[in-house]
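# Quick one: sequence plus predicted model below, questions after.
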Amino acid sequence: MAISRRHPAALLAVLIAALGTTGVAYATVASSSIPKAVAPSQTQISQGNDLFKEGCASCHGLAAQGSSDGPAIIGVGAAAVDFQVGTGRMPMAAPAIQAPSKKVSYSVDEIAALAAYVASLGAGPAIPTQEQVSSSGADLALGGELFRTNCAQCHSVSGRGGALSWGAYAPSMLKSSPKHIYEAMLTGPQSMPVFGDKTMTPSNKRDIIRYIEELQKRENPGGADLGRLGPVTEGVFLFIAGLGALIAISVWIGARAR
Amino acid sequence: MNEIETTSNEPYGSAEGKDLVSGRPVFPLKHHEPRRADIDPKAAKRAERQVSAMFAASSALLMAFVVAYVKVPSDSLVQIPGLGTVGTSQVLLGLCFGLGILLIGLGAIHWAKKLMTDVEVTQERHALTSTQEERDEVAAIVKRGAAESGFGQHKLIRRTLLGALALFPVPLVVLLRDLGPMPGTRLRSTIWTKNIHIVTDATYQKIKASDIPVGGLVNAVPANLLEIEEADGNINARGKASIILVRMDPSEIVSQQGDGWDYQGIVAYSKICTHVGCPISLYQQRTHHLLCPCHQSTFDLADSGNVVFGPAARRMPQLAITVDSEGFLVAQGDFEEPVGPSFWERG
């Protein structure tokens, strides 16, 4: 029977100490984190190392060398960390074919620290800057062509995603931020292949982002889009709602009047 | 009420409310219960008001349709919970016209059910077969016709007629040739030849091996595709020659369709599914599976492009690649087997 013999005040003391430390740490990080693009400081890397040991090492290994539960992530780069953690895909809630996007577990600064730590382990793609992912001035028409050639087969022409094999799927892009779209192309998260900067230039990537932003803005002047899945949902809707209404009317016509 | 013909004892009919064979009552009439509107003038008045309200609402909606058509600009949008942002004009026109028509129908039915004469009627059926006399008469006509034509006597006429009838489909079959020229050998080759550069699709840039990271995917076409004009069948050439390039760790490649067909782990496969020809590049870099979205055929690109799932009967054809003196990826030659779905002459 492991009954705690600690004094109740011990918990309080620990709490106060933890809050104080976090507050001081936050103040230092917050004041230093405004110029984002500067090289990561040693403190950031060591903070990232701590966070990594706490939240990631159980699957990816203490030195990020990988284990039976997760791949090695040495050399994946800061962009991969920023995408996986920044969209809530990592840490995973449970082992699965695919890590779904969910509520983000870390703060912006914690994600930056984790990214700095993983980037310090081996060279990989860096987190793109705002200017790098900005679609202003990008070629919408070329973006559309590139999207249909390279993205639409998995993510569907509407950007809503689709099924792959053995439980994997291409997620919807309709809520994705330009930075995360850029990072996904750059790093090839999970099932997605990498679209390297040489065969899909940064300018091409911005064209694609421009096109996806158009998809995200698209309205439905014709009525409810029913998931924009085409004849399947539309047919099911008509079959159930339309035929159902006809049956209800037939029953009413045939019912004896009172 | 109809006249009842009971000359036949065939079972498909009823008379005097009874089944012709079993004699069981077909439509046992229940006691007739008058409707509320038949006995209560107030209820009748209420039903009358309901019906006329439906017709009046229909008129109002149909007029509203015209007003909406004239007044609401076709590009205005409105936010409707559950529907999202939809076109104001389309929603109004649909609702006004649909409900307007529906209310005419509902009013008519309500009128018939509540107010029109309420009498229960049994309409009896006669047997479905013709009478024996009619049937005998038809048989006699056929026999007499056969005898008068002499079909049984004139052997020569009979045989030549049968011959002509047998040959009559021949012109129709010959016309089938006009459905189009035979494909000949065009399905067997593509425009890939030795040392043709592999270029990115849509941007047409030559590709260096080092440009593709491990796990990378490139949708690619042959450089000479750009030399083919639209009128000379550019789209057909593209349809056959499109490929995907993927790079994996060379140690992950289990097998290939030929020795040295990859270049440092970069393999090139046709993009056209061997089942019914959908273009596919749904490549999952962790499993090296290539999935066709049409019928879920799945190919393993780390293992000769073999089919691992789905209806495809043939593996994905692999294109042998290498690099030129400057390090750009080129084809070693054309595909060694026809790309795309099976066809009749392929066997």
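Now that the structure is in, tell me what you want to look at.

# Would you map out the domains in chain B?
Listed by automatic domain parsing, the domain ranges of chain B are B:1-127, B:186-346.

# Run through the residues that contact B:Cys289.
Quick fix: residue B:289 is His, not Cys. A:Leu164, A:Ser165, A:Trp166, B:Tyr283, B:Thr298, B:Phe299, B:Asp300, B:Leu301, B:Val308 (Cβ atoms under 8 Å, 6 or more residues apart in numbering or on different chains). In short, each C-beta sits where N, CA and C put it, glycine included.

# which of those residues sit farthest apart?
Farthest pair in the contacts of B:His289 (Cβ to Cβ) is A:Trp166 and B:Leu301. Separation: 15.1 Å.

# helices and strands of chain B: which one bottoms out on pLDDT?
strand B:14-15 (a mean of 68; mean pLDDT, DSSP states H and E).

# Low-confidence stretches in chain A?
A:1-15, A:21-39, A:221-223 (pLDDT under 70).

# Tell me where it has strands.
A:162-163, A:169-170 (DSSP state E).

# residues from the stretch 51-200 of chain A in reach of chain B?
By Cβ under 8 Å from any Cβ of the partner chain, the residues of the stretch 51-200 of chain A that approach chain B are A:142, A:145-146, A:149-150, A:153-154, A:162, A:164-166, A:168, A:170, A:188, A:190-196, A:198-200.

# hmm, try it at 10 Å
Contacts of the stretch 51-200 of chain A with chain B, taken as Cβ under 10 Å from any Cβ of the partner chain, map to A:71, A:97-98, A:125, A:142, A:144-156, A:162-166, A:168, A:170, A:186-200.

# What about the residues you listed, which are in helices?
Among those, the subset assigned to helices under DSSP state H consists of A:142, A:144-150, A:152-155, A:186-187.

# Does stretch B:235-246 reach chain A?
Yes - using Cβ under 10 Å from any Cβ, we find that stretch B:235-246 touches chain A at B:Ser242, B:Ile244, B:Leu245, B:Val246.

# quick one: contacts for B:Asn219?
A:146, A:149-150, A:153, A:195, A:199-200, B:200-202, B:242-245, B:271, B:279, B:281, B:283 (Cβ atoms under 10 Å, 6 or more residues apart in numbering or on different chains).

# These, buried ones only, as a PyMOL selection?
Of the contacts of B:Asn219, the buried ones can be selected in PyMOL as follows, counting by 16 or more other Cβ atoms under 10 Å in any protein chain shown:
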select buried, (chain A and resi 146+149+150+153+195+199+200) or (chain B and resi 200+201+202+242+243+244+245+271+279+281+283)
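
# Go ahead and list the helix or strand containing B:His110.
helix B:88-114 (DSSP states H and E).

# returning to that earlier point: of A:Trp166 and B:Leu301, give the one with the bigger neighbour count.
Neighbours were counted for A:Trp166 and for B:Leu301 using other Cβ atoms under 10 Å in any protein chain shown; B:Leu301 has more, 26 against 14.

# ok, longest helix in chain B?
Per DSSP H, chain B has its longest helix at helix B:41-71.

# and that one, which residues are buried?
Result for helix B:41-71 [16+ other Cβ under 10 Å]: buried residues B:Ala44, B:Ala47, B:Val51, B:Met54, B:Phe55, B:Ala57, B:Ser58, B:Leu61, B:Leu62, B:Ala64, B:Phe65, B:Ala68.

# And for stretch B:235-250?
B:Ala237, B:Arg238, B:Gly239, B:Lys240, B:Ala241, B:Ser242, B:Ile243, B:Ile244, B:Leu245, B:Val246, B:Arg247, B:Met248.

# Distance check, the fourth one against A:Arg258.
For B:Lys240, the distance to A:Arg258 equals 71 Å [Cβ to Cβ, to the nearest Å].

# same thing with the first one?
B:Ala237 is 73 Å from A:Arg258, where distance means Cβ to Cβ.

# returning to what we had before: closest one to B:Arg186 out of the contacts of B:His289, please.
Nearest to B:Arg186 among those, with distances taken as Cβ to Cβ, is B:Phe299, at 24.3 Å.

# Can you classify the closest one as helix, strand or coil?
strand (DSSP: H, G, I helix; E, B strand; the rest coil).

# If it is in a bridge, with which residues?
B:Leu290, B:Val307 (DSSP bridges).

# In contact with it: list those residues for me.
B:Phe299 neighbours (Cβ under 10 Å, 6+ apart): B:269-270, B:273-274, B:280, B:283, B:288-292, B:305-310, B:312, B:314-316.
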